[in-house]
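A.B. asks: build the 3D model from these lines:
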Amino acid sequence: MAKRPGGAMLLSDTPTHSQWVPVLTKWRDIGKKSELAPILVTIVTVLLLFFLQDGSVISTSYEYAIGRDIYGGTIYTSWYLIVVCAYLMLLSLYFIRRVAGKDKSWTVLLIVGCFTGYLLYLFKTEHDFAWMYDFFHGSLAGGEVQDTDSTTQTFVKHFLGTGFFEETFKALPLFVLALASAYMPAGLRSLYGIEEPLDGILLGAASGGGFAFMETISQYVSRNLVWQWRYTAAVFLHRIPPDDRVVAAWIAKLTPKSVAILTGEGSAILGWQPGLPLLIPRSLGEAFGHMAYAGCFGYFIGLAIMKPKQRWKTLAIGLVSASLLHALWDTLSDSNVLLAIVAILSYAVLAAGILKAREISPNRATLLPSIFVGSLSPTPSAVAAYAAAPPAPAPQPVSPPKPAYAPNPLPNGTANLRVGAKYLVIVPGLRLMSHQVPGLQAQSAEGLVAEVTRNPNDPDVLGLTNLSTASWEVVTSSNTRRAIQPGQTVKLSPGTRIDFGETDGEVR
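C.D. replies: Reported below is the predicted structural model:
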């Protein structure tokens with residue numbers, strides 16, 4: 001019989017109680033699995049959608065003054081549309097986070113997304129950040145895009161105006177975190193700050209998601225709802241011919257009071273449902289839109305922090321790269337085929353940035369596998385290796401199980417340390433933080449609980465030094481048990497198992 005991955009198992013004819021009812025022994029571990037959170041979020045979202053499907057339209061009126069002129073409007077939406085949009089944005093962010101493979105705190109990602117969304121709301125309703133808009137759109141781009149502009153003029157205005165303004169706007173919370181990261185301990189910086197390009201990508205994508213959420217709800221969907229309501233009321237209640245231009249011309253002749261009445265009539269007929277056909281594709285596409293552009297710029301923000309030499313040149317390249325993608329999308333919006341090409345290009349740029357960020361990451365040994373397109377099918381080489389493996393010896397019931405690996409240390413870089421469900425390549429200097437080993441507390445503010453070190457008498461032998469406040473229980477490959485007190489080191493021989501407390505580990 002071929003050797004099973006993970007080593008030989010003890011055979012028994014009778015299932016144990018924990019095998020009959022696994023929830024009795026594994027219920028504490030369920031909450032530690034990353035797969036639980038998206039399931040819970042999905043369940044809550046589904047329940048909310050059932051509860052909110054008969055809800056009414058929500059309207060928010062606003063106005064602001066520019067000199068003596070008063071500007072304003074009304075945002076129309078519903079809680080149903082808000083929940084759907086938020087869920088789809090989170091889905092896109094979850095996908096990007098799994099591709100990146102870094103266990104960035106969801107708390108800071110959600111805070112950044114909400115912060116950017118709120119800033120955009122203030123810009124729309126209070127006209128805050130108008131100076132930024134005027135600088136990029138007015139001074140730099142030379143004004144808004146006009147129908148008479150050529151394709152080149154349109155692209156330049158979108159590049160210098162829309163691209164530069166919106167990508168800088170989405171990067172504002174990242175700049176704040178970049179400044180704050182200098183004062184954070186290493187453990188907090190890894191979770192909440194920016195120390196490398198992967199952090200910038202994830203935080204940039206979160207900021208882009210918040211921007212896209214607010215833009216979709218308050219601008220595109222709201223505008224689409226208003227048009228659908230007015231069109232429906234004009235055609236079915238006022239007998240206007242069902243032609244977009246005819247309806248628009250008829251509405252333009254109405255007084256503001258009559259237009260408001262028309263809007264209310266259409267709202268009573270259709271409700272918020274006409275907003276879904278636009279909301280769903282816009283929300284799903286943001287993994288290749290605002291999130292991709294902001295993630296691209298975030299890569300360069302993280303790179304400027306990790307490699308501060310010529311940081312301004314790095315930031316300039318990042319802003320130009322993100323704005324180019326953004327401008328291409330806005331310029332080619334009349335062609336679905338070209339938009340699809342730009343979307344693929346944007347995702348390709350984001351994916352390339354993630355791969356390069358993983359390659360140069362100082363935490364690459366602790367990263368999760370990067371999942372672009374998952375596959376459960378074994379590769380031909382894996383099948384061949386499994387079939388060619390020598391048969392495992394039959395286990396003896398009266399003897400302890402043989403270790404799956406030889407007790408001698410493997411050469412540097414060829415052994416793995418499993419910590420919970422994660423596998424880390426054992427290399428000198430590998431550091432484990434408290435958030436990577438749940439249950440352990442660090443002795444220092446940096447959050448360091450363990451580190452791979454060399455034996456001072458034999459540099460080829462590696463060990464794991466206990467830098468936490470608790471002792472570990474170790475079972476060697478020869479089934480010898482010993483306690484590793486804080487400050488002591490355990491030799492990392494294949495087959496060694498380590499009980500960290502709430503988390504277990506094994507050298508493979």
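A.B. asks: buried set for stretch 259-273?
C.D. replies: Residues of stretch 259-273 classed as buried by neighbour count (16 or more other C-beta atoms under 10 Å): 262-263, 265-267, 270-272. Backbone N, C-alpha and C define where each C-beta goes, glycine included.
A.B. asks: residues contacting residue 68?
C.D. replies: When contacts are counted by C-beta atoms under 8 Å, 6 or more residues apart in numbering, residue 68 touches no other residue.
A.B. asks: phi and psi next, for it.
C.D. replies: Main-chain dihedrals, residue 68, degrees, to the nearest 10: phi -100, psi 0.
A.B. asks: and it, how far is that from residue 287?
C.D. replies: 44 Å (C-beta to C-beta, to the nearest Å).
A.B. asks: also residue 275?
C.D. replies: Taken as C-beta to C-beta, the span from residue 275 to residue 287 is 21 Å.
A.B. asks: okay, strands next: where are they in the stretch 1-150 of the chain?
C.D. replies: Assigned by DSSP state E, counting those that start in this stretch, the stretch 1-150 of the chain shows strands spanning 58-66, 69-77.
A.B. asks: tell me which of those strands is the most buried.
C.D. replies: Of the strands of the stretch 1-150 of the chain, the one with the most neighbours on average (mean count of other C-beta atoms under 10 Å) is strand 69-77, at a mean of 14.
A.B. asks: which other helices and strands does that one contact?
C.D. replies: Under the contact criterion of 3 or more C-beta pairs under 8 Å, 6 or more residues apart in numbering; DSSP states H and E, strand 69-77 touches strand 58-66, helix 222-236.
A.B. asks: which elements pack onto whatever helix or strand comes next after the longest one?
C.D. replies: Downstream of helix 222-236, the first helix or strand assigned by DSSP states H and E is helix 244-252. Applying 3+ C-beta pairs under 8 Å, 6+ apart, one finds that helix 244-252 makes contact with helix 222-236.
A.B. asks: hmm, try it at 10 Å
C.D. replies: helix 222-236, helix 256-270 (3 or more C-beta pairs under 10 Å, 6 or more residues apart in numbering; DSSP states H and E).
A.B. asks: next one: that helix to chain centre, how far?
C.D. replies: Distance, stretch centre to chain centre, for helix 244-252: 43 Å (C-alpha atoms, centre = their mean, to the nearest Å).
A.B. asks: same question for stretch 455-471.
C.D. replies: 35 Å.
A.B. asks: how about it as CSV, C-alpha atoms only?
C.D. replies: In CSV, the C-alpha atoms belonging to stretch 455-471 read as follows (Å, rounded to 0.1, in the frame of the first residue of the first chain):
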residue,chain,number,x,y,z
ASN,A,455,22.6,25.8,17.4
PRO,A,456,25.7,27.8,18.4
ASN,A,457,27.8,24.6,18.4
ASP,A,458,26.4,23.3,15.1
PRO,A,459,25.0,25.9,12.8
ASP,A,460,23.4,23.3,10.6
VAL,A,461,21.1,22.3,13.4
LEU,A,462,18.0,24.5,13.8
GLY,A,463,15.8,25.0,16.8
LEU,A,464,12.7,26.9,17.9
THR,A,465,13.2,29.2,20.8
ASN,A,466,10.3,29.8,23.1
LEU,A,467,9.9,33.6,23.4
SER,A,468,6.4,33.4,24.9
THR,A,469,5.3,33.5,28.6
ALA,A,470,4.1,29.9,28.7
SER,A,471,5.9,26.5,28.5
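A.B. asks: pull out the buried residues from it.
C.D. replies: 462-468.
A.B. asks: would you point out the most distant pair within those residues?
C.D. replies: Between any two of the buried residues of stretch 455-471, the greatest separation by C-beta to C-beta is 18.4 Å, found for 462 and 468.
A.B. asks: right, and the helices and strands packed on helix 244-252 - which one's nearest residue 345?
C.D. replies: Here helix 222-236 is closest among the helices and strands packed on helix 244-252 (C-beta to C-beta), at 26.8 Å.
A.B. asks: can you name every helix or strand that that closest one contacts?
C.D. replies: strand 58-66, strand 69-77, helix 244-252, helix 256-270, helix 276-284.
A.B. asks: can you put these in JSON lines and add mean pLDDT?
C.D. replies: Shown next, in JSON lines, are the helices and strands packed on helix 222-236 (pLDDT from 0 to 100):
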{"stretch": "strand 58-66", "mean pLDDT": "88"}
{"stretch": "strand 69-77", "mean pLDDT": "88"}
{"stretch": "helix 244-252", "mean pLDDT": "95"}
{"stretch": "helix 256-270", "mean pLDDT": "94"}
{"stretch": "helix 276-284", "mean pLDDT": "92"}
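A.B. asks: wait, which of the ones you listed is closest to residue 324?
C.D. replies: The nearest among the helices and strands packed on helix 222-236, by C-beta to C-beta, is helix 276-284 at 21.3 Å.
A.B. asks: and stretch 420-433, how far out from the chain's middle?
C.D. replies: 23 Å.
A.B. asks: now stretch 357-365
C.D. replies: Distance, centroid of stretch 357-365 to centroid of chain: 17 Å (C-alpha atoms, centre = their mean).
A.B. asks: still on that earlier bit, can you redo the helices and strands packed on strand 69-77 as JSON lines with distance to residue 307?
C.D. replies: Below are those laid out as JSON lines (distance: least, C-beta to C-beta, whole Å):
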{"stretch": "strand 58-66", "distance to residue 307": "42"}
{"stretch": "helix 222-236", "distance to residue 307": "43"}
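A.B. asks: for residue 338, find the nearest of the ones you listed.
C.D. replies: helix 222-236 (22.3 Å).
A.B. asks: just give me how far that closest one sits from the chain centre.
C.D. replies: That offset, for helix 222-236, works out to 36 Å (C-alpha atoms, centre = their mean).
A.B. asks: now the element after the helix or strand bottoming out on mean pLDDT in the chain, going C-ward?
C.D. replies: Each helix and strand of the chain was given a mean pLDDT (mean pLDDT, DSSP states H and E); the minimum falls on helix 380-388 at a mean of 47. Going down the chain from helix 380-388, the next helix or strand is strand 416-419, by DSSP H and E.
A.B. asks: adjacent strands (with direction) for that following strand?
C.D. replies: Take DSSP bridges as the rule and strand 416-419 pairs in its sheet with strand 422-425 (antiparallel), strand 504-507 (antiparallel).
A.B. asks: can you redo the ones you listed as a markdown table with mean pLDDT, distance to residue 79 and mean neighbour count?
C.D. replies: Listed next are those as a markdown table, based on pLDDT from 0 to 100; distance: least, C-beta to C-beta, whole Å; neighbours: other C-beta atoms under 10 Å:
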| stretch | mean pLDDT | distance to residue 79 | mean neighbour count |
| --- | --- | --- | --- |
| strand 422-425 | 84 | 38 | 17 |
| strand 504-507 | 87 | 44 | 20 |
